[in-house]
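S.K.: Structure for the following, please:
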Amino acid sequence: MIRGVFVTGTDTGVGKTCVSLGLMQALQAQGVSVLGMKPVASGCVASEAGMRNSDAEHLRVQASHAASYELVNPYAFEPPVAPHLAAEAGGVEIEIPAIKAAFAQLAALGDCVVVEGVGGWSVPINDSETMADVALALDIPIILVVGIRLGCLNHALLTADAIRRSGARLAGWVANHVDANCELQDLNVQALRQRLGAPLLGDFPYMTENGLPALRFEQPDIRQLLVS
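M.R.: A predicted model of the protein is given here:
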């Protein structure tokens, strides 16, 4: 049983949502019933129904089953800043038990929940906890999205080391080419293949078009990778 997977990144803006959606598609193509979740989101837009985040909405639309927005994105904040700062500005404290409760309800609707983090692995969510604590509380394997650009080797290796030191399982990683002008991109990916100690799930090219392209994952059976 898969239950879930947590998608983190080396930084903000490295394509976690794109990879999460592609992962949901890949699992659905393998007969897995999938839901998406973005526990914490900043940079949301006010609507008649409340704060809404475009990434969370995409995950909700891609899901195999309908779920309320509040389950998909329990904590939604308007300021486009770090989540603990956005929560503080709104007089709210992000609480991991509430996230776990929403995850459990989503997990009851399908086979697997793809959980997209916010920012990077160690982004604070309150005075004492980070997104890493959320992933550990959910007790699901981790997929690391590496934005291929200058500095990515250091960021990726440090993040992978932090994931392992926390006790979480790094199930695999994705190379996402986010900078068309980055030099020696293939050599950067090769260096990470040799050093990260986890399977490369996909090497995705730089994308300029709107919408989600068909992302080809290199692993033939994503399900087996997540439960191994």
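S.K.: any weak-confidence spans in the chain?
M.R.: Along the chain, the model assigns pLDDT under 70 to residues 1, 207-216, 218-221, 225, 227-228.
S.K.: hang on, isn't Pro205 packed against Ala175?
M.R.: No: counting by C-beta atoms under 8 Å, Pro205 does not reach Ala175; the two are 9.7 Å apart. (Each C-beta comes from the backbone N, C-alpha and C, glycine too.)
S.K.: The most far-flung residue of the chain relative to its centre and Glu88, how far apart?
M.R.: Outermost residue of the chain with respect to the C-alpha centroid, by C-alpha atoms, centre = their mean, is Glu48; its distance is 27.1 Å. Counting by C-beta to C-beta, to the nearest Å, the separation of Glu48 from Glu88 is 26 Å.
S.K.: do Leu21 as well
M.R.: Leu21 sits 30 Å away from Glu88 when distances are taken as C-beta to C-beta.
S.K.: ok so, going back, quick one, which of Pro205 and Ala175 is more surrounded?
M.R.: Set side by side, Pro205 and Ala175 show more neighbours around Ala175, with 28 against 13, by other C-beta atoms under 10 Å.
S.K.: Help me confirm that the more buried one is found in a helix?
M.R.: No: note on Ala175: no helix contains this position according to DSSP: H, G, I helix; E, B strand; the rest coil, which reports strand.
S.K.: what's it in contact with, if anything?
M.R.: Ala175 makes contact with Val146, Ile148, Val189, Leu192, Leu200, Gly202, Asp203, Phe204 under the criterion C-beta atoms under 8 Å, 6 or more residues apart in numbering.
S.K.: Would you work out how far apart the start and end of stretch 157-174 are?
M.R.: With C-alpha to C-alpha, to the nearest Å as the measure, the first residue of stretch 157-174 is 13 Å from its last.
S.K.: Gln28: neighbouring residues, count only.
M.R.: By the measure other C-beta under 10 Å, the count of residues near Gln28 is 17.
S.K.: didn't it look like it was pressed against Gly22?
M.R.: No: using C-beta under 8 Å as the test, Gln28 is too far from Gly22 to be in contact (10.6 Å).
S.K.: Could you pull out the helices in the chain for me?
M.R.: Taking DSSP state H as the criterion, the chain contains helices spanning 16-29, 54-62, 69-72, 83-89, 96-107, 131-138, 152-166, 185-195, 222-227.
S.K.: my guess is Ser42 meets Pro80, correct?
M.R.: Yes: Ser42 is in contact with Pro80 according to C-beta under 8 Å; the separation is 5.7 Å.
S.K.: Which one of these two is surrounded by more residues?
M.R.: Under the neighbour definition other C-beta under 10 Å, Ser42 and Pro80 were set side by side, and Ser42 has more, 24 against 11.
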